[in-house]
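Visitor: turn this into a structure:
(4 chains)
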Protein chains: 2
Amino acid sequence: MDQPLAIDAFAALAHDTRLSVFRLLVRRGPGGTPAMELARLLDLRPSTLSGHLSALRRAGLVTTQRHHREIRYAPNFEAVGGLVAFLLHECCGGKAGDCLPGL
Amino acid sequence: MDQPLAIDAFAALAHDTRLSVFRLLVRRGPGGTPAMELARLLDLRPSTLSGHLSALRRAGLVTTQRHHREIRYAPNFEAVGGLVAFLLHECCGGKAGDCLPGL
DNA sequence: ACGTCATTTCGCGTATTTACGAAACATGGA
DNA sequence: TCCATGTTTCGTAAATACGCGAAATGACGT
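Guide: Predicted coordinates:
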C-alpha cells in the first residue's frame, strides 16, 4: 500500500454515506449484499448509491460479483488491512506500538 | 473515535500534500517541527501550508506549541491509534484479525 | 422478441475544496 | 518604537465532489 493508494482509500472513507455503506457491508459479512438492498437499508437513491459504490470499488475497498440478476458488493478486508498497515508503518513513530498502547 | 471524527481524520489524510506533511512530521519526531521548515522541505507556499496544517489540527492529527518566534507542529500518535482502532473495530469482520493475518 | 427488475451512466445545478498572492497579525531583538 | 521574521487570514478563481432524475444498459423469465 503506497501513498496514492492510501489516499484513494482515505478519500473513499472520508464521506458519511460511503463510510456508512462500507460499515454496513462489513456487518453483513463477506458473502456480499445486493446494491438495492443497501439502498433500501440506508434510504439512498439508486444513482446516488451507485456512485458511492463505484468510488469504494475504485479504491479497492469492495469487490463485486454477479449473482442471478443482482450484483453483490462485499468488503475487501485485505484493503482495510493494507490501510491499517500503512498507518502503523508510515504514520507512527518508528515503532507501531506508539499508536497502540493496548496491543 | 466515532464516525464523524474518523471522517474528519480520513479527509485530512486524503490529500497528497497533507499526507506528505503528516508523514514528514512523523519522521521528524514528537518534538515538533516549525511550520516554515516544513514549507522549505516540501516547497510549499506559506499560506498553502498554513491551510493544510489547520486542517490537520482541526482533525486532531497534529498539535501545536509556540517556541520562541516559531510554531512547532507535532504529530498526535493517539489520533493515529484511534483511527487504527476504528478500522479494526468497525471495518473488519467481527474479529480484527481478519484484516491483519500477520499479527 | 418482450417486459421487468437491477444497476449504471449522463447531464445538471449547487456546494465544497484548492492554491495563490496580498495583506494582516504576532513575536522578539535593536 | 521600529523592523525583520514567522504564521495566519482574506479574497478570488479554477477545479472537484455531490445528489438527483431521466435515460440507458444488462440479465433473466415468458
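Visitor: could you find the closest non-adjacent residue to the spatially most central residue of chain A?
Guide: In chain A, the C-alpha nearest the mean C-alpha coordinate belongs to residue A:61, at 3.9 Å (CA atoms, centre = their mean). Excluding its sequence neighbours, the residue lying closest to residue A:61 (CB to CB, 6 or more residues apart in numbering or on different chains) is residue A:79, at 4.9 Å. Using the backbone N, CA and C atoms, a C-beta is placed for each residue, glycine as well.
Visitor: which residues are in contact with whichever strand or helix holds that neighbour?
Guide: Assessed by DSSP states H and E, residue A:79 sits inside helix A:77-90. Applying CB atoms under 8 Å, 6 or more residues apart in numbering or on different chains, the external contacts of helix A:77-90 come out as A:1, A:3, A:5-6, A:9-10, A:30, A:59-61, A:96, A:99-100, B:23, B:26, B:80, B:83-84, B:87-88, B:91-93, B:98-101.
Visitor: the inter-axis angle of it versus helix B:77-90?
Guide: Orientation check (axes from the mean of the first three to the mean of the last three CA atoms, to 10 degrees): helix A:77-90 against helix B:77-90 gives 170 degrees.
Visitor: who in chain A is up against DNA strand C?
Guide: By the rule CB under 7 Å from any atom of the strand, the part of chain A lying against DNA strand C is A:34-37, A:39, A:46-47, A:49-51, A:53-54, A:64, A:69-72.
Visitor: again, only using 10 Å
Guide: On the criterion CB under 10 Å from any atom of the strand, DNA strand C has as its neighbours in chain A the residues A:11, A:14, A:32-40, A:44-54, A:57, A:62, A:64, A:66-73.
Visitor: list the buried residues of the helix or strand encompassing residue A:23.
Guide: Taking DSSP H and E as the definition, one finds residue A:23 inside helix A:16-28. With burial defined by 16 or more other CB atoms under 10 Å in any protein chain shown, the residues of helix A:16-28 counted as buried are A:18-26, A:28.
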